[in-house]
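Trainee: got a structure for you, letters missing:
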Ligand SMILES: Nc1ncnc2c1ncn2[C@@H]1O[C@H](COP(=O)(O)OP(=O)(O)OP(=O)(O)O)[C@@H](O)[C@H]1O
Ligand SMILES: C=C(C)CCOP(=O)(O)O
């Protein structure tokens, strides 16, 4: 059983305060991840079957991407700018790793800038040999939204959501979960939509992000998740344990 879980940048950071980790939220998530694997602190048991974690940018990557005018399509040839985005994401990644490891989750980093590339059409190559091998050896690889080399553009943004989709396809994942600040995809009355099977059915409800976010909020998420073979779930932090236990919190996207 292979599971891909994205921790939204909106959840693990205070999105409107530059480069600020939400320590309490992150720690609660790490505890849920550890608990789901029967690996709560002190249990000493091994890693669960194949869990890959991805996290977004929150108040780390997005601030720098915006400052340098970098999006998923428009890049920078400034090494200073690209490094600012990458280093901010590495700082956040380190905080995620520290929190997971402090809950006995055997988490290790995989930095997409070092391996990924986009061609001129924007198509992504993301070799995942190290991710696959880490999983096979009982680790929990933790990838993150990052900069990526992009033909003709320099470096553009690679969103955590795009990494999730690529991971799910390449690892033939059984389940995909996106933990965001919202309890699911919401309709115009603010209620969680239980299941989404077509973009057109829900397009009018879907907006961008309510914070600084160069990769674009819920509409993009739903669109990319619909393209996946594996079922994907969008839920809030309260849904993580249920998701990792095999349940169906929030919105299911088929
Ligand atoms: N119909 C909708 N239902 C739920 N959320 C919506 C909807 N339309 C827009 N949103 C916005 O989408 C946001 C979630 O997208 P966002 O990209 O901020 O999430 P994230 O994945 O947690 O963060 P990051 O992109 O930094 O990783 C919600 O906080 C909300 O503001
Ligand atoms: C802004 C950067 C570098 C990462 C974006 O990742 P996302 O928050 O998952 O969209």
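Mentor: Yep, that arrived. Keep in mind the model is a prediction, meaning the values are calculated, not measured. Ligands and ions are numbered 1, 2, ... in the order given.
Trainee: List the residues that contact the closest residue to ligand 2 within the chain.
Mentor: Taking C-beta to the nearest ligand atom as the measure, the chain has residue 145 as its residue closest to ligand 2, at 2.2 Å. Placement of C-beta: from N, CA and C, glycine included. Residues counted as contacts of residue 145 (C-beta atoms under 8 Å, 6 or more residues apart in numbering) are 9, 54-57, 61, 89, 112, 157-161, 163, 215.
Trainee: now, which of these lie close to ligand 1?
Mentor: 9, 56, 57, 160, 215 (C-beta under 6 Å from any ligand atom).
Trainee: Among those, which pair sits farthest apart?
Mentor: 9 and 215 (9.3 Å; C-beta to C-beta).
Trainee: For this protein, what lies in contact range of ligand 2?
Mentor: Checking the chain against ligand 2 by C-beta under 6 Å from any ligand atom, the hits are 9, 56-57, 61-62, 65, 85, 89, 145-146, 157, 159-161, 214-215.
Trainee: which regions of the stretch 51-200 of the chain sit below the pLDDT cut-off?
Mentor: Counting by pLDDT under 70, the stretch 51-200 of the chain shows no low-confidence range.
Trainee: Quick check: the residue in it that ligand 1 sits nearest to vs residue 134, distance?
Mentor: Nearest to ligand 1, among the residues of the stretch 51-200 of the chain, is residue 56, at 1.8 Å (C-beta to the nearest ligand atom). Distance of residue 56 to residue 134, computed by C-beta to C-beta, to the nearest Å: 20 Å.
Trainee: more crowded one of the two?
Mentor: Each of residue 56 and residue 134 has its neighbours counted (other C-beta atoms under 10 Å); residue 56 has more, 31 against 21.
Trainee: List the ones among the ones next to ligand 1 among the contacts of residue 145 that fall in strands.
Mentor: Using DSSP state E, no member of these sits in strands.
Trainee: out of the residues you listed, which are inside helices?
Mentor: 9, 160 (DSSP state H).
Trainee: Could I get the contacting residues of the residue of the stretch 51-200 of the chain closest to ligand 1?
Mentor: Residue 56 neighbours (C-beta under 8 Å, 6+ apart): 6, 7, 8, 9, 10, 12, 144, 145, 159, 160, 161, 215.
Trainee: Quick check: which element contains residue 219?
Mentor: In the assignment (DSSP states H and E), residue 219 maps to helix 217-226.
Trainee: Check residue 172 too.
Mentor: Residue 172 belongs to no helix or strand, assigned by DSSP H and E.
Trainee: re the thing from before, same list (the contacts of residue 56) but as JSON lines, adding distance to residue 230.
Mentor: Shown next, in JSON lines, are these (distance: C-beta to C-beta, whole Å):
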{"residue": "6", "distance to residue 230": "13"}
{"residue": "7", "distance to residue 230": "18"}
{"residue": "8", "distance to residue 230": "19"}
{"residue": "9", "distance to residue 230": "22"}
{"residue": "10", "distance to residue 230": "23"}
{"residue": "12", "distance to residue 230": "23"}
{"residue": "144", "distance to residue 230": "21"}
{"residue": "145", "distance to residue 230": "20"}
{"residue": "159", "distance to residue 230": "18"}
{"residue": "160", "distance to residue 230": "17"}
{"residue": "161", "distance to residue 230": "14"}
{"residue": "215", "distance to residue 230": "21"}
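Trainee: Thanks a lot, see you next time.
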